[in-house]
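> Below are the sequence and a predicted model; questions follow.
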Amino acid sequence: MANATEPPDHWWHADDDQDRPIPIGVDPTIPSPARMYDYYLRGTANYAADREAAEKALSVVPSGRRIARANRYFMMRAVLAMADQGIRQFIDLGTGIPTSPSVHELAQAIHPNSSVLYVDNDAVVAAHNRALLATNESVKAIQADIREPDSILHSPELQDLIDFSQPVGLLFVAVLHFIRNSEDPLGIVRTFTSRMAPGSYLALSHITSPRTGTARPSRRDPMVPPSSDVHDPTTSLAVPSWDRSQDTARP
């Protein structure tokens, strides 16, 4: 698993990919956001195209690794806070390459019987998660696209793990900024939250640009009710969270 510490520049080697297996359906010449994120966190589940694209991104946003770490720490705090409130089932959408501590490790440290469903559309991510979680019956991983929420909600894995009559912890961590406005990101979130019982939680992080004047979401935004906690660490990472049990502007 990746270690979320600051890596030295170009710590990888050009021949690192020679013996690395390529999952069926994966084109290693096309950069993947999940594998780029893995590179930012000094993971090894990435290819040359991912590293090159990540370095280009870092040349524009040098704080990219710090933002990635801050986002990871937000996820950790969010899961622990939810578990402290009694949440025992989680859906992690756009989970990315496994990085320790993962959602299930944090949740099960507090409630050993916690159930976690990991969802990502990257075949490399799905392959890693399935291999790592093969012996944990309370945790499953599926390859699916959050732009097709009904396919996730009706998947056998979700049906086996998640009981929507009970509170759920829903995670949209650093994934919605990959969804175009024309693909209705708000509608995607609503499709999931409409199933959630009172007492459920939504944790959402989204990269914004301070140049647009929207580094912090408006409190009038229906996705950010008055009970929300917004954190904007140093640059452009806005992190609103939602607790339906206190919701005054239901998404």
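Structure's in. What do you need?
> For the stretch 151-251 of the chain, give me the ranges with low pLDDT.
Low-confidence segments of the stretch 151-251 of the chain (pLDDT under 70): 209-251.
> and if we set it to 80?
By pLDDT under 80, the low-scoring segments of the stretch 151-251 of the chain are 207-251.
> where do the strands sit along it?
169-173, 201-207, 237-238, 241-243 (DSSP state E, counting those that start in this stretch).
> Kindly present these as TSV, with separate columns for mean neighbour count and distance to residue 133.
Every residue, glycine included, has its C-beta placed from N, CA and C. Below are these laid out as TSV (neighbours: other Cβ atoms under 10 Å; distance: least, Cβ to Cβ, whole Å):
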stretch	mean neighbour count	distance to residue 133
strand 169-173	24	16
strand 201-207	23	21
strand 237-238	20	28
strand 241-243	22	26
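> so can I have a markdown table of those strands showing distance to residue 62?
Shown next, in a markdown table, are these (distance: least, Cβ to Cβ, whole Å):
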| stretch | distance to residue 62 |
| --- | --- |
| strand 169-173 | 22 |
| strand 201-207 | 15 |
| strand 237-238 | 14 |
| strand 241-243 | 27 |
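> For residue 74, which of these is the nearest?
Residue 74 sits nearest to strand 201-207 of all the strands of the stretch 151-251 of the chain, at 5.7 Å, using Cβ to Cβ.
> How far off centre is the closest one?
9 Å (Cα atoms, centre = their mean, to the nearest Å).
> So which other helices or strands are in contact with it?
With contacts taken as 3 or more Cβ pairs under 8 Å, 6 or more residues apart in numbering; DSSP states H and E, strand 201-207 sits against helix 64-84, strand 169-173, helix 185-193, strand 237-238, strand 241-243.
> Would you mind putting the CA coordinates of stretch 132-145 into CSV?
Output of stretch 132-145 as CSV, limited to C-alpha atoms (Å, rounded to 0.1, in the frame of the first residue of the first chain):
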residue,chain,number,x,y,z
LEU,A,132,-6.3,-7.1,-0.8
LEU,A,133,-9.8,-7.7,0.5
ALA,A,134,-10.2,-11.3,-0.6
THR,A,135,-10.2,-12.6,3.1
ASN,A,136,-12.4,-9.8,4.5
GLU,A,137,-16.1,-10.8,4.1
SER,A,138,-17.3,-7.5,5.3
VAL,A,139,-15.5,-5.5,2.6
LYS,A,140,-16.1,-5.7,-1.1
ALA,A,141,-14.8,-3.8,-4.2
ILE,A,142,-16.5,-3.3,-7.5
GLN,A,143,-15.5,-1.7,-10.8
ALA,A,144,-18.3,0.7,-11.6
ASP,A,145,-18.8,4.3,-12.7
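> Just the buried positions in that stretch, please.
Neighbour counts over stretch 132-145 (16 or more other Cβ atoms under 10 Å) mark 132-133, 138-144 as buried.
> Mean confidence (pLDDT) on that stretch, please.
If you average the pLDDT over stretch 132-145, you get 87.
> follow-up on the earlier one: hey, which of the helices and strands packed on strand 201-207 is tucked in deepest?
Mean neighbour counts were taken over the helices and strands packed on strand 201-207 using mean count of other Cβ atoms under 10 Å, and the top value, a mean of 24, falls to strand 169-173.
> Is the nearest residue to residue 146 once chain neighbours are set aside bridged to anything, and to what?
Nearest residue to residue 146, sequence neighbours excluded (Cβ to Cβ, 6 or more residues apart in numbering): residue 93, at 5.0 Å. Counting by DSSP bridges, residue 93 forms beta bridges with residue 119, residue 172.
> who's in contact with the closest residue to residue 133 other than its chain neighbours?
The shortest distance from residue 133 to any non-neighbouring residue, by Cβ to Cβ, 6+ apart, is to residue 139 (4.7 Å). Contacts for residue 139 (Cβ atoms under 8 Å, 6 or more residues apart in numbering) come out as 104, 115-118, 133.
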